[in-house]
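S.K.: Mind folding the following:
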Amino acid sequence: MPLRGKGMLITYTEVKPAHERDFNEWYNREHIDERVNLPGFHRARRYVAVRGSPKYLAIYECDTVADLATPGYLALLANQSPWSQAVMARFTHFQRLTLRIQIDRTHGEGGAITAVRFVPEPAMRRPLIAWLSETALPKAIARPGMLGAAVAENDVEIANAPLQSKSMDHPKADQAEWVVLLEGADPAASSGAARTMFTASTLKAFGVSQAPVTGTYRFMFGNAR
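M.R.: A predicted model of the protein is given here:
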(Lines give C-alpha, C1' and ligand atoms only; values in the text may rest on other atoms or scores of the structure.)
Protein backbone atom coordinates (compact mmCIF):
# COMPACT_ATOMS: atom_id res chain seq x y z
CA MET A 1 0.00 0.00 0.00
CA PRO A 2 1.38 3.46 -0.91
CA LEU A 3 1.32 6.54 1.28
CA ARG A 4 -2.15 7.79 2.19
CA GLY A 5 -2.07 11.07 0.34
CA LYS A 6 0.22 13.49 -1.46
CA GLY A 7 0.95 15.67 1.56
CA MET A 8 3.08 14.98 4.61
CA LEU A 9 4.03 16.67 7.85
CA ILE A 10 7.27 15.59 9.53
CA THR A 11 8.21 16.79 12.99
CA TYR A 12 11.42 16.34 14.93
CA THR A 13 11.24 16.76 18.70
CA GLU A 14 13.27 16.29 21.86
CA VAL A 15 12.62 16.77 25.57
CA LYS A 16 14.78 16.35 28.65
CA PRO A 17 14.97 12.78 30.02
CA ALA A 18 12.91 13.76 33.08
CA HIS A 19 9.99 14.67 30.79
CA GLU A 20 10.14 11.77 28.33
CA ARG A 21 7.60 9.55 30.08
CA ASP A 22 4.88 12.20 29.93
CA PHE A 23 5.96 13.21 26.42
CA ASN A 24 5.53 9.65 25.14
CA GLU A 25 2.22 9.14 26.95
CA TRP A 26 0.90 12.36 25.42
CA TYR A 27 1.99 11.35 21.95
CA ASN A 28 0.49 7.85 22.20
CA ARG A 29 -2.71 8.69 24.05
CA GLU A 30 -3.70 12.11 22.68
CA HIS A 31 -1.61 13.75 19.98
CA ILE A 32 -1.48 11.04 17.29
CA ASP A 33 -5.22 10.37 17.49
CA GLU A 34 -6.03 14.09 17.52
CA ARG A 35 -4.08 14.68 14.33
CA VAL A 36 -5.30 11.56 12.51
CA ASN A 37 -8.90 12.68 13.00
CA LEU A 38 -8.37 16.09 11.39
CA PRO A 39 -9.89 16.68 7.94
CA GLY A 40 -7.52 15.50 5.24
CA PHE A 41 -5.32 13.45 7.59
CA HIS A 42 -5.21 9.66 7.31
CA ARG A 43 -2.23 8.14 9.12
CA ALA A 44 0.37 9.14 11.69
CA ARG A 45 3.43 7.22 12.88
CA ARG A 46 6.16 8.04 15.38
CA TYR A 47 9.70 6.80 15.82
CA VAL A 48 12.67 7.00 18.19
CA ALA A 49 16.25 7.39 17.02
CA VAL A 50 18.55 4.40 16.76
CA ARG A 51 21.29 6.49 15.17
CA GLY A 52 21.31 10.26 14.66
CA SER A 53 19.29 13.14 16.04
CA PRO A 54 16.88 14.70 16.92
CA LYS A 55 15.66 11.83 19.08
CA TYR A 56 11.99 11.65 18.02
CA LEU A 57 10.49 11.66 14.55
CA ALA A 58 6.79 11.77 13.65
CA ILE A 59 5.24 11.41 10.18
CA TYR A 60 1.69 12.48 9.34
CA GLU A 61 0.11 11.68 5.96
CA CYS A 62 -2.64 13.87 4.48
CA ASP A 63 -4.42 14.40 1.17
CA THR A 64 -2.33 17.41 0.11
CA VAL A 65 0.22 19.75 1.64
CA ALA A 66 -2.50 22.42 1.62
CA ASP A 67 -4.20 20.54 4.48
CA LEU A 68 -1.35 21.83 6.66
CA ALA A 69 -2.39 25.46 6.19
CA THR A 70 -6.19 25.39 6.36
CA PRO A 71 -7.90 27.80 8.79
CA GLY A 72 -9.13 24.85 10.85
CA TYR A 73 -5.68 23.32 11.18
CA LEU A 74 -4.04 26.64 12.05
CA ALA A 75 -6.77 27.31 14.63
CA LEU A 76 -5.96 23.97 16.28
CA LEU A 77 -2.27 24.90 16.44
CA ALA A 78 -3.21 28.15 18.12
CA ASN A 79 -5.57 26.49 20.62
CA GLN A 80 -3.88 23.36 21.93
CA SER A 81 -5.31 21.18 24.70
CA PRO A 82 -3.96 21.78 28.24
CA TRP A 83 -1.93 18.57 28.03
CA SER A 84 -0.48 19.62 24.67
CA GLN A 85 0.43 23.04 25.99
CA ALA A 86 2.21 21.53 28.99
CA VAL A 87 4.17 19.00 26.93
CA MET A 88 5.08 21.37 24.10
CA ALA A 89 6.37 23.94 26.58
CA ARG A 90 9.02 21.38 27.55
CA PHE A 91 10.33 20.79 24.02
CA THR A 92 14.08 21.33 23.83
CA HIS A 93 14.01 20.86 20.05
CA PHE A 94 11.19 21.25 17.56
CA GLN A 95 11.26 21.34 13.77
CA ARG A 96 8.46 20.80 11.29
CA LEU A 97 8.55 20.13 7.55
CA THR A 98 5.42 20.54 5.41
CA LEU A 99 6.04 18.35 2.41
CA ARG A 100 4.77 17.60 -1.07
CA ILE A 101 5.28 13.96 -2.00
CA GLN A 102 7.32 13.81 -5.20
CA ILE A 103 7.90 10.05 -5.45
CA ASP A 104 6.05 7.25 -3.65
CA ARG A 105 7.51 3.76 -3.78
CA THR A 106 6.32 2.65 -0.36
CA HIS A 107 4.96 -0.78 0.48
CA GLY A 108 3.20 -1.45 3.78
CA GLU A 109 4.80 -0.49 7.09
CA GLY A 110 8.30 -1.40 8.19
CA GLY A 111 9.96 -1.50 11.57
CA ALA A 112 12.42 1.28 10.80
CA ILE A 113 12.89 4.42 8.72
CA THR A 114 16.03 6.25 7.73
CA ALA A 115 15.43 9.90 6.84
CA VAL A 116 17.95 11.62 4.57
CA ARG A 117 17.64 15.42 4.42
CA PHE A 118 19.39 17.78 2.01
CA VAL A 119 18.94 21.04 0.10
CA PRO A 120 19.58 20.80 -3.67
CA GLU A 121 19.94 23.63 -6.15
CA PRO A 122 16.46 24.60 -7.43
CA ALA A 123 17.74 24.41 -11.02
CA MET A 124 18.62 20.74 -10.48
CA ARG A 125 15.13 19.76 -9.40
CA ARG A 126 14.18 17.91 -12.60
CA PRO A 127 17.37 15.82 -12.94
CA LEU A 128 17.23 15.09 -9.21
CA ILE A 129 13.71 13.68 -9.49
CA ALA A 130 14.75 11.61 -12.51
CA TRP A 131 17.77 10.15 -10.67
CA LEU A 132 15.74 9.39 -7.56
CA SER A 133 12.90 7.79 -9.50
CA GLU A 134 14.93 5.82 -12.04
CA THR A 135 18.12 4.93 -10.16
CA ALA A 136 18.43 5.70 -6.45
CA LEU A 137 15.11 4.46 -5.10
CA PRO A 138 14.90 1.27 -7.22
CA LYS A 139 18.41 0.28 -6.12
CA ALA A 140 17.71 1.11 -2.48
CA ILE A 141 14.45 -0.84 -2.42
CA ALA A 142 16.06 -3.88 -4.06
CA ARG A 143 18.42 -4.33 -1.12
CA PRO A 144 17.65 -7.15 1.36
CA GLY A 145 15.34 -6.07 4.15
CA MET A 146 14.09 -2.96 2.36
CA LEU A 147 10.35 -2.40 2.00
CA GLY A 148 9.94 0.91 0.22
CA ALA A 149 10.91 4.56 -0.07
CA ALA A 150 9.44 7.98 -0.70
CA VAL A 151 10.74 11.44 -1.58
CA ALA A 152 9.20 14.71 -0.46
CA GLU A 153 9.98 18.41 -0.88
CA ASN A 154 9.31 21.04 1.77
CA ASP A 155 6.77 23.65 0.67
CA VAL A 156 8.20 26.87 2.09
CA GLU A 157 4.97 28.86 1.76
CA ILE A 158 2.98 26.23 3.66
CA ALA A 159 5.78 25.83 6.21
CA ASN A 160 5.55 29.53 7.06
CA ALA A 161 1.74 29.63 7.31
CA PRO A 162 1.66 29.12 11.11
CA LEU A 163 4.20 31.92 11.54
CA GLN A 164 2.18 34.25 9.35
CA SER A 165 -0.99 33.47 11.32
CA LYS A 166 0.87 33.89 14.64
CA SER A 167 -0.33 30.45 15.72
CA MET A 168 3.15 29.07 16.33
CA ASP A 169 6.52 30.49 17.22
CA HIS A 170 9.21 28.87 15.12
CA PRO A 171 11.98 29.99 12.74
CA LYS A 172 10.92 30.99 9.26
CA ALA A 173 11.70 28.41 6.55
CA ASP A 174 13.64 29.87 3.63
CA GLN A 175 14.96 26.80 1.82
CA ALA A 176 13.21 23.97 -0.01
CA GLU A 177 14.65 21.05 1.95
CA TRP A 178 14.15 17.55 0.56
CA VAL A 179 13.60 14.37 2.55
CA VAL A 180 14.12 10.79 1.39
CA LEU A 181 12.38 8.24 3.60
CA LEU A 182 13.87 4.75 3.35
CA GLU A 183 11.69 2.14 5.03
CA GLY A 184 13.04 -1.24 6.06
CA ALA A 185 12.21 -4.26 8.15
CA ASP A 186 14.88 -3.19 10.63
CA PRO A 187 17.30 -0.29 11.22
CA ALA A 188 20.24 -2.10 9.62
CA ALA A 189 18.40 -2.40 6.31
CA SER A 190 17.29 1.22 6.02
CA SER A 191 20.56 2.70 7.28
CA GLY A 192 22.56 0.50 4.92
CA ALA A 193 20.53 1.73 1.95
CA ALA A 194 21.11 5.34 2.99
CA ARG A 195 24.86 4.91 3.36
CA THR A 196 25.12 3.28 -0.04
CA MET A 197 22.89 5.51 -2.16
CA PHE A 198 22.92 8.95 -0.55
CA THR A 199 26.52 10.02 -0.07
CA ALA A 200 27.71 13.62 -0.09
CA SER A 201 29.68 13.01 -3.30
CA THR A 202 26.65 11.55 -5.08
CA LEU A 203 24.32 14.38 -4.09
CA LYS A 204 26.90 17.03 -5.02
CA ALA A 205 25.92 16.48 -8.66
CA PHE A 206 22.55 18.01 -7.83
CA GLY A 207 23.94 21.12 -6.17
CA VAL A 208 23.87 19.81 -2.61
CA SER A 209 26.72 21.76 -1.02
CA GLN A 210 26.48 20.35 2.52
CA ALA A 211 26.54 16.72 3.60
CA PRO A 212 23.04 15.23 3.98
CA VAL A 213 21.63 14.92 7.49
CA THR A 214 20.77 11.28 8.10
CA GLY A 215 18.95 9.66 11.00
CA THR A 216 17.70 6.12 11.52
CA TYR A 217 14.58 5.56 13.60
CA ARG A 218 12.74 2.61 15.13
CA PHE A 219 8.93 2.47 14.94
CA MET A 220 7.10 3.20 18.22
CA PHE A 221 3.39 3.79 17.56
CA GLY A 222 0.97 4.71 14.82
CA ASN A 223 -2.71 5.03 14.02
CA ALA A 224 -4.82 5.49 10.91
CA ARG A 225 -8.38 5.95 9.74
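S.K.: Which positions in the strand or helix carrying Pro127 come out as buried?
M.R.: Per DSSP states H and E: Pro127 is located in helix 125-131. Using 16 or more other C-beta atoms under 10 Å as the test for burial, helix 125-131 gives Arg125, Leu128, Ile129, Trp131. C-beta: built from backbone N, CA, C; applies to glycine.
S.K.: Toward the C-terminus, what is the element adjacent to it?
M.R.: Per DSSP H and E, the helix or strand that comes after helix 125-131 is helix 137-141.
S.K.: what packs against that following helix?
M.R.: strand 91-105, strand 146-154, helix 187-197 (3 or more C-beta pairs under 8 Å, 6 or more residues apart in numbering; DSSP states H and E).
S.K.: Ranking the ones you listed by mean neighbour count, which comes first?
M.R.: strand 146-154 (a mean of 23; mean count of other C-beta atoms under 10 Å).
S.K.: Outside of that one itself, which residues are in contact with it?
M.R.: 3, 8, 10, 97-110, 129, 132, 137, 140-141, 173, 175-185, 189-190, 193 (C-beta atoms under 8 Å, 6 or more residues apart in numbering).
S.K.: Can you show me the strands along the chain?
M.R.: 7-15, 41-51, 56-62, 91-105, 112-118, 146-154, 178-184, 213-224 (DSSP state E).
S.K.: I'd like to check what contacts the fifth one. Which residues are they?
M.R.: The one in question is strand 112-118. For strand 112-118, the external contacting residues (C-beta under 8 Å, 6+ apart) are 10, 47, 50, 57, 59, 177-187, 189-191, 193-194, 198, 203, 208, 210, 212-219.
S.K.: what's stretch 14-30 in contact with?
M.R.: 13, 46, 53-56, 58, 81, 83-84, 86-87, 90-93, 220-221.
S.K.: re the thing from before, pLDDT on the helix holding Pro127, on average?
M.R.: Helix 125-131 comes out with an average pLDDT of 97.
S.K.: Relative to the whole chain's centre, how far out is it?
M.R.: Here the centre of helix 125-131 is set off from its chain's centre by 20 Å, with C-alpha atoms, centre = their mean, to the nearest Å.
S.K.: Over to stretch 26-44?
M.R.: Using C-alpha atoms, centre = their mean, the offset of stretch 26-44 from its chain centre is 15 Å.
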